[in-house]
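> All I have is the shape, not the residue letters:
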């Protein structure tokens, strides 16, 4: 395994660990007026470098993604994670059924067979994260900085995912 592939694999695993269990993410798209963010249900799919969301063809985000595929997905939980990538609209009935949750039927007012349903697949390019969940790590870093044993505090890190 090459060093680049190993680093990319480790980065994906790190991001997977940080976003695991976070139910809602903020998906940011680009419009003619600027950036727009909205909450999206995180799909229960193991993160492998791609993020998946369900939407309908009758939404603004569907239209926005047809004009500009650049997106950002932000997660807040035990850490803060910001994932930048390119979105693709995917019309795959089998994949929709795979990630479908009966709650969506009530929320969206349609079944998984509805032709208006579409998936948003975000191919993650980079992720920036802040590991705030580890108070011991933060206190240790702060102590080292205060005692002059560490010149720079790395509060966050950016990783390449592709």
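Yes, it's here. It should be emphasised that the depicted structure is a prediction, and the values quoted were computed from it without experimental measurement.
> who does the biggest strand by length in the chain pair up with?
Using DSSP state E, we find that the single longest strand of the chain is strand 117-130. Paired with strand 117-130 in the same sheet, following DSSP bridges, are strand 50-56 (antiparallel), strand 80-90 (antiparallel), strand 156-160 (antiparallel).
> now for those strands, which one comes closest to residue 103?
The minimum distance between residue 103 and the strands paired with strand 117-130 falls on strand 50-56, with 11.0 Å, by CB to CB. C-beta coordinates here come from the backbone N, C-alpha and C atoms, glycine included.
> which residues sit against the closest one?
For strand 50-56, contacts defined as CB atoms under 8 Å, 6 or more residues apart in numbering pick out 25, 27, 40-43, 45, 61-62, 73, 83, 85, 95-96, 99-100, 104, 108, 110, 114, 116-124.
> Which ChimeraX command selects the buried ones in those?
Command for ChimeraX that selects the buried part of the contacts of strand 50-56, burial taken from 16 or more other CB atoms under 10 Å:
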select :25,27,40,41,42,43,61,62,73,83,85,95,96,99,100,104,117,118,119,120,121,122,124
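> Need the pLDDT of the nearest residue to residue 101 once chain neighbours are set aside.
Nearest in space to residue 101, with sequence neighbours left out and distances taken as CB to CB, 6 or more residues apart in numbering, is residue 44 at 7.7 Å. Reading off the per-residue confidence, residue 44 sits at a pLDDT of 75.
> my read: residue 44 touches residue 98, true?
No - in this structure residue 44 lies outside contact range of residue 98 using CB atoms under 8 Å: 9.8 Å.
> Neighbour count: those two, which is higher?
Neighbour tally, residue 44 and residue 98, criterion other CB atoms under 10 Å: the higher count belongs to residue 98, 14 against 10.
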